[in-house]
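Q: coords below, sequence missing:
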């Protein structure tokens, strides 16, 4: 069985701003996109799911193979060890570490040869810059590394925060191909998107729409553009 | 200097003196730099850890162990362990609660710790200077000057510690995790790194380095209340010169400060203390991240 993370009526306040206002959603099991404009609350939702942010109201449960964590015990490294991979917005490659060391930190020890070979087979470009420091990688290289870093422990749920943002079409294609192939291996993905759904449509079945901290749509991806009210709140047209 | 015959023995003795002083400074500054570079905590109480290390050495040396050589080695180990424990307790019991608070709260807390440690030391050991009387391993002669072998031992300890830290940070997975968490603690945590434990370990390690530094200083410089203040001020100068979080930077910075103070005291004493800060100011103007500090990473 995979990993499931469920939020119920989650409220988050940052300074004076209510960033999430009663968000409920379920991640895992299916391939899901969370779509909304910049500032709608996507990243905050992910941070709550990952245990990086505590809501002041509402519940969060993460479970995998009968191991169940409720709000009190949710800590980021524990959530990760349930089998959750994370590709953060802006890539956040550790700049002082080489690409290989970035992978090692996520793996938790030095990397066995077969794991590295598996990553090379998914993302052949990695080989080219594996010994280069994070700060000297291009945006595209960093994004490929960020995906590899999230996959290195073979997660069952992969959470990606706008992974296609600001990338050259060739890199977008590479990353979409990687995500498709890990989906075939049984990994669920949970991806966010701020613009059009065109680039992620082939990766996901379910869409959540978010606007100003509220979930405004939940259903099949095809339905979201037909739902006029949701469309207006998500894209403004 | 024209017309003066340079006395080689004198130069050797002063060089040994400068190297000893630099080694002590490196040990304390590397701990401060480690804690600041990784946890972004400016630990004002770091000098107090150094002072407590010196008193631990005094007690072990004069009360618990007989024999100067054994006493010094036992004192260094004991100071390292005691300060690691104190550092761990301070981090878990106090500091971890203020990470999310404004920086001035951290400064106030660590400043309060200086007062607490200073008074505790006075209660336990009194206010007078505590000298160790005998320094182990004797000395050797260069020209007319005697150089304590203990100086050489201290330099060796500093070099071994520097090398050990370098190995730890570049070759071990724990070191790599610490460097990762130094840049993006949240991301490291979300990738499965237990940053809570790493931060406690880092703080304990930094405190242990201060303790070892104080212990090594005690036989030469004696132990006294307030000895941490001078040490902490110079340590700040060193990590500004060398670069925050850089072990190599602390090493080079300590040499610059140690040598410039030792030799200025001879050549032109008026500038003995000022030179350190002139160098620091120049570095801040020319390369604000310090000699070996890398570009600052924007933290989330």
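A: Arrived safely. Note that the structure is a prediction, hence the values are computed from the model and not measured.
Q: Next one: residue B:79 from residue B:86, what distance?
A: Per Cβ to Cβ, to the nearest Å, residue B:79 is found 10 Å from residue B:86. For the C-beta atoms, the positions are set from N, CA and C on the backbone; glycine is no exception.
Q: How about residue A:173?
A: Residue A:173 is 56 Å from residue B:86, where distance means Cβ to Cβ.
Q: now the chain, which segments are flagged as low pLDDT?
A: Here I'm looking at chain A. A:1 (pLDDT under 70).
Q: should've been chain B
A: B:1-5, B:295-300.
Q: where does it come near chain A, residue by residue?
A: Applying Cβ under 8 Å from any Cβ of the partner chain, we find that chain B lies next to chain A at B:173, B:176-177, B:179-180, B:182-184, B:186-196, B:294-295, B:297, B:300.
Q: please redo it, this time with the cut-off set to 6 Å
A: For chain B, the residues in contact with chain A (Cβ under 6 Å from any Cβ of the partner chain) are B:173, B:176-177, B:179-180, B:183-184, B:186-187, B:189-194, B:297.
Q: Just the buried ones among those, please.
A: Buried by 16 or more other Cβ atoms under 10 Å in any protein chain shown: B:176-177, B:179-180, B:183-184, B:186-187, B:189-194, out of the residues of chain B next to chain A.
Q: and which of these is nearest residue B:229?
A: In terms of Cβ to Cβ, no member of those lies closer to residue B:229 than residue B:179, at 30.9 Å.
Q: Would you confirm that that closest one contacts residue A:96?
A: Yes - with contact defined as Cβ atoms under 6 Å, residue B:179 and residue A:96 form a contacting pair (5.3 Å).
Q: Identify the residues contacting the longest helix along chain A?
A: As assigned by DSSP state H, the longest helix anywhere in chain A is helix A:169-184. Residues outside helix A:169-184 that contact it (Cβ atoms under 6 Å, 6 or more residues apart in numbering or on different chains) are A:122, A:140, A:164, A:189, A:203.
Q: Tell me which entries of the residues you listed lie within helices.
A: Judged by DSSP H, these include A:122, A:140 as members of helices.
Q: Most neighbours of all the contacts of helix A:169-184, which one?
A: Within these, most neighbours by other Cβ atoms under 10 Å in any protein chain shown means residue A:189, with 25 neighbours.
Q: hang on, it packs against residue A:158?
A: Yes - at 4.8 Å, residue A:189 and residue A:158 qualify as touching, with contact defined as Cβ under 6 Å.
Q: Now stretch B:223-238: buried residues?
A: For stretch B:223-238, the neighbour count (16+ other Cβ under 10 Å) marks B:223-225, B:227-229, B:231-232, B:234-238 as buried.
Q: Reformat those residues as TSV; add distance to residue B:159 and secondary structure.
A: Below are these laid out as TSV (distance: Cβ to Cβ, whole Å; DSSP: H, G, I helix; E, B strand; the rest coil):
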residue	distance to residue B:159	secondary structure
B:223	24	strand
B:224	28	coil
B:225	30	coil
B:227	24	helix
B:228	24	helix
B:229	27	helix
B:231	20	helix
B:232	23	helix
B:234	20	helix
B:235	19	helix
B:236	23	helix
B:237	21	helix
B:238	16	helix
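Q: Can you tell me which of those is nearest chain A?
A: When the buried residues of stretch B:223-238 are compared for distance to chain A (Cβ to the nearest Cβ), residue B:238 wins out at 20.7 Å.
Q: In contact with the closest one, which residues?
A: Applying Cβ under 6 Å, 6+ apart, the residues contacting residue B:238 are B:29, B:253-254, B:257.
Q: For residue B:26, see how far away it is.
A: Applying Cβ to Cβ, the value for residue B:238 to residue B:26 is 8 Å.
Q: any residues in contact with both of the two?
A: Common contacts of residue B:238 and residue B:26, defined by Cβ under 6 Å, 6+ apart, comprise residue B:254.
Q: sorry, back to before: who's more crowded, residue B:79 and residue B:86?
A: A count of neighbours by other Cβ under 10 Å puts residue B:79 above the other of residue B:79 and residue B:86, at 30 against 23.
Q: Please identify the residues of chain A in proximity to chain B?
A: A:50, A:52, A:76-77, A:80-81, A:86, A:88, A:92, A:94-96, A:101, A:104-106, A:109.
Q: Now do the nearest residue to residue B:12 once chain neighbours are set aside against residue B:10, distance only.
A: Spatially, and ignoring its direct neighbours in sequence, residue B:12 is nearest to residue B:142 (4.2 Å; Cβ to Cβ, 6 or more residues apart in numbering or on different chains). According to Cβ to Cβ, residue B:142 and residue B:10 sit 9 Å apart.
Q: what does residue A:223 give?
A: Separation of residue A:223 from residue B:10 (Cβ to Cβ): 88 Å.
Q: hey, what's residue A:160 bridged with?
A: Counting by DSSP bridges, residue A:160 forms beta bridges with residue A:87, residue A:191.
Q: That one contacts residue A:85, correct?
A: No - using Cβ under 6 Å, residue A:160 is not in contact with residue A:85; the gap is 8.5 Å.
Q: before we move on, what SS does residue A:209 have?
A: strand (DSSP: H, G, I helix; E, B strand; the rest coil).
Q: give me every residue that touches it.
A: By Cβ under 6 Å, 6+ apart, the contact set of residue A:209 is A:35, A:216-217, A:224, A:230, A:234.
Q: And the strands in chain A, which stretches?
A: Along chain A, counting by DSSP state E, strands occupy A:3-14, A:17-27, A:32-35, A:57-64, A:67-69, A:84-87, A:157-160, A:188-193, A:206-211, A:214-220.
Q: Ok, chain B next?
A: Using DSSP E, strands in chain B cover B:139-142, B:145-148.
Q: Which neighbours in the sheet does the first one have, and how are they oriented?
A: Meaning strand B:139-142. strand B:145-148 (antiparallel).
Q: Please enumerate residues in contact with the strand it pairs with?
A: Contacts for strand B:145-148 (Cβ under 6 Å, 6+ apart): B:9, B:13, B:16, B:135, B:139-140.
Q: which of the residues you listed tops the neighbour count?
A: Counting by other Cβ under 10 Å, top hit in those: residue B:16 with 23 neighbours.
Q: higher neighbour count, residue B:142 and residue B:10?
A: Remark: of residue B:142 and residue B:10, residue B:142 carries more neighbours, 17 against 14, as counted by other Cβ under 10 Å.
Q: State the distance from the more buried one to residue B:9.
A: Counting by Cβ to Cβ - residue B:142 and residue B:9 are separated by 5 Å.
Q: What does residue 41 show for phi and psi?
A: Because you didn't say which chain, this covers chain A. phi 120, psi 10 (degrees, to the nearest 10).
Q: meant chain B, my bad for not saying
A: Dihedral angles (degrees, to the nearest 10) for residue B:41: phi -110, psi 130.
Q: tell me, how many neighbours does it end up with?
A: Neighbours of residue B:41 using other Cβ under 10 Å come to 22.
Q: residues in contact with it?
A: Contacts of residue B:41 were listed using Cβ under 6 Å, 6+ apart, and they are B:35, B:106.
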